[in-house]
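Peer 1: what follows is a protein structure lacking sequence information:
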Ligand SMILES: Nc1ncnc2c1ncn2[C@@H]1O[C@H](COP(=O)(O)OP(=O)(O)OP(=O)(O)O)[C@@H](O)[C@H]1O
Ligand SMILES: [Mg+2]
């Protein structure tokens, strides 16, 4: 995936992090390219902040290495790393005014006074806080404080900026605006951003690539479209956007196609890499799931229209399958709705249903393999 | 006009009661001040106004020596206990919670031990290490009893600290020491100052422990006064007391002024969050 000419800015190699016996990050491998906007996305407690803090140097890695521009940063303190952080709660110095807060890093670098003054001015202009130099953090709104925090982190011209849910405390409107501004800033400056959020919409709109984490494990990394359209695991499919998930059994494998049976019917779909008698998940986005009153080729999944919900730009239809599972289907407002209670056939267009191996199967394979290995060792 | 209306809102009893409390608190102090200007040697009737006792007091060499000793001891013990106590509190903040609990609960022991026992303990200790009582032992002992107070007041300041503020300083390139000087210290300043004020007042009027620790050359003002009072309270003691009251008030106002200044920025800060 990574293009050869892209320089790797940060490289995580088999990074583990344990708090006592609790392993919160598990053999994480991650390459972050120069100038990239990478988002760490995942549910609460999945280890996003911990990962960020290891990169910044606030937490030591238990196992593995972190490289910044090819250099192992194991022995470097936070103040020796060319990385700056924007904290979730801003963490502005309450006893310093805006100007002094922003200048903090330059004062530490012993930059000359006039130069500091000039660069602080630049930063204030960039984050649109001119005229607020003398304000204390206490006298500013959340959005303004956030801008100060960003300016303070960027004035050092770091190679990488780490942002831990920087917009978490802002209201929706300001959040949207700041998302736009941040993205714009990142493109303008060309600095690598590692952005932590548990808001998937934010991740999808802002990122060049998204790394989805779950319980300390990197589930998938890829461009937003890739993550959304081709989730690699059930977790990713479920976590990003709305999705309908069926469990199915592979009845037969033909060339390029498989026949599957669900609790509520059967289907024949294009797929490769699956074998007979395997359990699979099928994930179909609400906008890709279709219903028809007429029978459909290759599909024999039947359900009943249970409810129509109008949610603004689209119509949402709830269909109940014979086994009681409820499915969500969204249609454009100009599509005619089938009447409530009518029997319908469900289907999706080729390529719109994502097939995934089930975890149980993987675990089963794993056990099978280890048993084999152990068995071999005993001989 | 406004005041009148305000007063009307209160019932007589709620005005009377605080007045009585204040009388109770301040009459003895007023009496001392009044009698310090009395021409008579007796503290019974006010015969006439004079400032003679104030001059007399300043001519009393022994009293002035004791005063000087008190100031010296108070100054050094305060400065040292503030430095040690602040560092201790900051260190505790960063410590692991288990050890922290043990250390911080042991902080209260010197505070709750009866002073007299503490005084004897110090005496026994110093004689066992063959350190004769002197200004030095006096200063050391004053540090010992004021240190826990400093640690506790500073700690109560740090307790509410957002640790990411310190991390932000590190992140922006400040080393441990620079972070302490530029961020930690300014933020805990109100605690440091009130800790210092506490140490100062404790040292200034300590009698019990100083009694054990002071050598012949290092008697302190409270001890001296106690000695003088044995022969009856003379007007120069009243004069001295008056000056001390004024001094205390001045210190108090001063510290409140600084505190208020620092507090303003901090309080407003926490108010928004
Ligand atoms: N200092 C610590 N000591 C022990 N456990 C910790 C510590 N910090 C974090 N953890 C644990 O590590 C796990 C991951 O925490 P982390 O803060 O990285 O999650 P997160 O993905 O940032 O979650 P959120 O979205 O809620 O911020 C959690 O289970 C948490 O309880
Ligand atoms: Mg977090």
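Peer 2: Done, it's in. Keep in mind the model is a prediction, meaning the values are calculated, not measured. Residues are numbered from 1 along each chain as shown, chains lettered A, B, ... in the order given. Ligands and ions are numbered 1, 2, ... in the order given.
Peer 1: how near is whichever residue of the stretch 101-250 of chain B sits closest to ligand 1 to chain A?
Peer 2: Here the stretch 101-250 of chain B gets closest to ligand 1 at one residue, residue B:163, 10.3 Å apart by C-beta to the nearest ligand atom. C-betas here are computed from N, CA, C, even on glycine. For residue B:163, the distance to chain A equals 9 Å [C-beta to the nearest C-beta, to the nearest Å].
Peer 1: and residue B:158, what helix or strand is that in?
Peer 2: Assessed by DSSP states H and E, residue B:158 sits inside helix B:135-159.
Peer 1: show me what that helix packs onto, helices and strands only.
Peer 2: Applying 3 or more C-beta pairs under 8 Å, 6 or more residues apart in numbering or on different chains; DSSP states H and E, one finds that helix B:135-159 contacts helix B:61-94, helix B:109-112, helix B:115-128, helix B:185-204, helix B:208-213.
Peer 1: weakest of those helices in terms of mean pLDDT?
Peer 2: Across the helices and strands packed on helix B:135-159, helix B:109-112 has the smallest mean pLDDT, namely a mean of 86.
Peer 1: quick one, what contacts the residue lying closest to residue B:197 once chain neighbours are set aside?
Peer 2: Closest residue in space to residue B:197, ignoring its immediate chain neighbours: residue B:255 at 4.8 Å, by C-beta to C-beta, 6 or more residues apart in numbering or on different chains. When contacts are counted by C-beta atoms under 8 Å, 6 or more residues apart in numbering or on different chains, residue B:255 touches B:193, B:194, B:197.
Peer 1: how many neighbours does the first one have?
Peer 2: Applying other C-beta atoms under 10 Å in any protein chain shown, we find 20 residues neighbouring residue B:193.
Peer 1: quick one: it and residue B:257 touch, right?
Peer 2: No - the criterion here is C-beta atoms under 8 Å, and residue B:193 misses it with residue B:257 at 10.3 Å.
Peer 1: quick check: neighbours shared by these two?
Peer 2: With C-beta under 8 Å, 6+ apart applied, the contact sets of residue B:193 and residue B:257 do not overlap.
Peer 1: what's near enough to touch the residue nearest to the spatial centre of chain B?
Peer 2: Compute the mean C-alpha point of chain B, and by C-alpha atoms, centre = their mean the closest residue is residue B:201, 2.2 Å away. With contact taken as C-beta under 8 Å, 6+ apart, residue B:201 is in contact with B:248, B:251.
Peer 1: distance-wise, check it relative to residue A:20.
Peer 2: Separation of residue B:201 from residue A:20 (C-beta to C-beta, to the nearest Å) stands at 45 Å.
Peer 1: now residue B:99, what's its secondary structure?
Peer 2: Using DSSP: H, G, I helix; E, B strand; the rest coil, the secondary structure recorded for residue B:99 is helix.
Peer 1: what about it, neighbour count?
Peer 2: Residue B:99 sits with 10 neighbouring residues when counted by other C-beta under 10 Å.
Peer 1: do the one 10 residues further on as well
Peer 2: Number of residues near residue B:109 (other C-beta under 10 Å) recorded here: 10.
Peer 1: could you do the one 3 residues further on as well?
Peer 2: For residue B:112, the count of nearby residues is 7 (other C-beta under 10 Å).
Peer 1: test my guess that residue A:170 contacts residue A:179.
Peer 2: No - judged on C-beta under 8 Å, residue A:170 makes no contact with residue A:179 at a distance of 9.7 Å.
Peer 1: for chain A, what helix or strand is lowest in average pLDDT?
Peer 2: Ranked by mean pLDDT, DSSP states H and E, the weakest helix or strand in chain A is helix A:359-378, scoring a mean of 43.
Peer 1: what residues of stretch B:200-219 count as buried?
Peer 2: Going by neighbour count (16 or more other C-beta atoms under 10 Å in any protein chain shown), the buried part of stretch B:200-219 is B:200-206, B:208-214, B:218-219.
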